[in-house]
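Participant: Okay, predicted coordinates and the sequence, questions at the end:
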Amino acid sequence: MAIEIKSPKEVEALRVACQMAAETLILVGEKLRAGMTTDDINTIVHEDTMRREAYPAPLKYRGFPKSVCTSINDVVCHGIPGNAVLRDGDIINVDVTTLYKGFYGDTSATFYIGTPSAEARLVTEVARKSLELGIAEVREGARFGDIGAAIQEYAEAQGCSVVRDFVGHGIGRKFHEDPQVKHYGKRGTGERMKVGMTFTIEPMVNIGKFEVKIDPKDKWTARTVDGSLSAQFEHTVVVTKDGVDILTKRPKPLRLSENVSLVLA
Ligand code: MF3
Ligand code: CO
Ligand code: CO
């Protein structure tokens, strides 16, 4: 399938939805603490999204039962909010997707609860930097394989692995559009990027092996097979004349932890 090119007007409409998602994620960071449940996070995201007269895209998406994905420790992605309590030392990815006036904005971050272990800090920092390096590959004429190669080379050099079973995606009037944006692969392969293409980059990085399994009971929760920690960050981007524009760029720093020195632009 062909990759859509968005007009400048469509990009601006997408940016509005993306900025809403970014603001909701910032709000989550301000409220997160040990003792909260993942349902509490769901309530924060649901209410903040409704207040904006937007819709939380995960809710009822292919049967997903909640308004946000919350993925703790060995959960790679698509964790379902519930009565799980956040504990000191946990890492948790919160993935917010906001539908506003027909456009989807998608962004996520991994947060530290209390004091992280050395492994938790490593996998989280490698995931964060992997996203940054992937975004740095985006420009007119570059190949989608360049993004995957940059991420895989870096993450594996740090002793981590890159999840294969979930990918980034085109985004716009649909939650998931072409292309599939792999977070592994070879430079010089894949389609060439064109001005006006809009897609997410969202590497999932494991401290152990890359294999994942889906929970057979809920059919959503993806966990590492070896039980190792997994972290993820996600932005929605557009290819521009000058390179790349991060549509989910945060209007103020994200509080990654109750430790005030751990903030992220
Ligand atoms: N936000 C996820 C992504 O980055 C998709 C979540 S689908 C859901 O693509 F149904 F689990 F919400
Ligand atoms: Co996404
Ligand atoms: Co997402």
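Facilitator: Thanks, I have it. Numbers count the residues shown, from 1 in each chain. Ligands and ions are numbered 1, 2, ... in the order given.
Participant: Looking at the stretch 101-250 of the chain, which residue is nearest ligand 3?
Facilitator: Closest approach between the stretch 101-250 of the chain and ligand 3, counting by Cβ to the ion: D106, at 4.2 Å. For every residue, glycine as well, the C-beta is placed using N, CA and C.
Participant: so that residue touches K174, yeah?
Facilitator: No: contact criterion Cβ atoms under 8 Å: D106 and K174 do not qualify, at 11.2 Å.
Participant: of these two, who's got more company?
Facilitator: D106 (27 against 13; other Cβ atoms under 10 Å).
Participant: Would you quantify the distance from the closest residue to that one other than its chain neighbours to H176?
Facilitator: In space, D106 comes closest to T97 once its chain neighbours are excluded; the distance is 4.5 Å by Cβ to Cβ, 6 or more residues apart in numbering. Using Cβ to Cβ, to the nearest Å, T97 is found at 10 Å from H176.
Participant: Tell me which of those two has more neighbours.
Facilitator: T97 (29 against 15).
Participant: Then the more buried one would be within a strand, right?
Facilitator: Yes: membership of T97 in a strand is supported by DSSP: H, G, I helix; E, B strand; the rest coil.
Participant: one step back: for the residue of the stretch 101-250 of the chain closest to ligand 3, list the residues it contacts.
Facilitator: When contacts are counted by Cβ atoms under 8 Å, 6 or more residues apart in numbering, D106 touches 18, 21, 57, 95-97, 171, 175, 200, 202, 234, 236, 248.
Participant: Three-state assignment for it, please.
Facilitator: Applying three-state DSSP: D106 is strand.
Participant: for stretch 249-265, which positions count as buried?
Facilitator: R250, L254, R255, L256, S257, L262 (16 or more other Cβ atoms under 10 Å).
Participant: Contacts only, for the last one.
Facilitator: The contact partners of L262, taken as Cβ under 8 Å, 6+ apart, are Y112, R255, L256.
Participant: correct me, but the second one touches E30?
Facilitator: The reference is to R255. Yes: R255 lies in contact with E30 (Cβ under 8 Å); the separation is 5.6 Å.
Participant: My guess is the residue nearest to D106 contacts A54. True?
Facilitator: No: with contact defined as Cβ under 8 Å, T97 does not count as touching A54 (10.1 Å).
Participant: before we move on, the earlier item: in JSON lines: the contacts of D106, plus secondary structure and pLDDT.
Facilitator: Listed next are the contacts of D106 as JSON lines, based on DSSP: H, G, I helix; E, B strand; the rest coil; pLDDT from 0 to 100:
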{"residue": "C18", "secondary structure": "helix", "pLDDT": "99"}
{"residue": "A21", "secondary structure": "helix", "pLDDT": "99"}
{"residue": "A57", "secondary structure": "coil", "pLDDT": "99"}
{"residue": "D95", "secondary structure": "strand", "pLDDT": "99"}
{"residue": "V96", "secondary structure": "strand", "pLDDT": "99"}
{"residue": "T97", "secondary structure": "strand", "pLDDT": "99"}
{"residue": "I171", "secondary structure": "coil", "pLDDT": "98"}
{"residue": "F175", "secondary structure": "coil", "pLDDT": "98"}
{"residue": "T200", "secondary structure": "strand", "pLDDT": "99"}
{"residue": "E202", "secondary structure": "coil", "pLDDT": "99"}
{"residue": "E234", "secondary structure": "strand", "pLDDT": "98"}
{"residue": "T236", "secondary structure": "strand", "pLDDT": "99"}
{"residue": "T248", "secondary structure": "coil", "pLDDT": "98"}
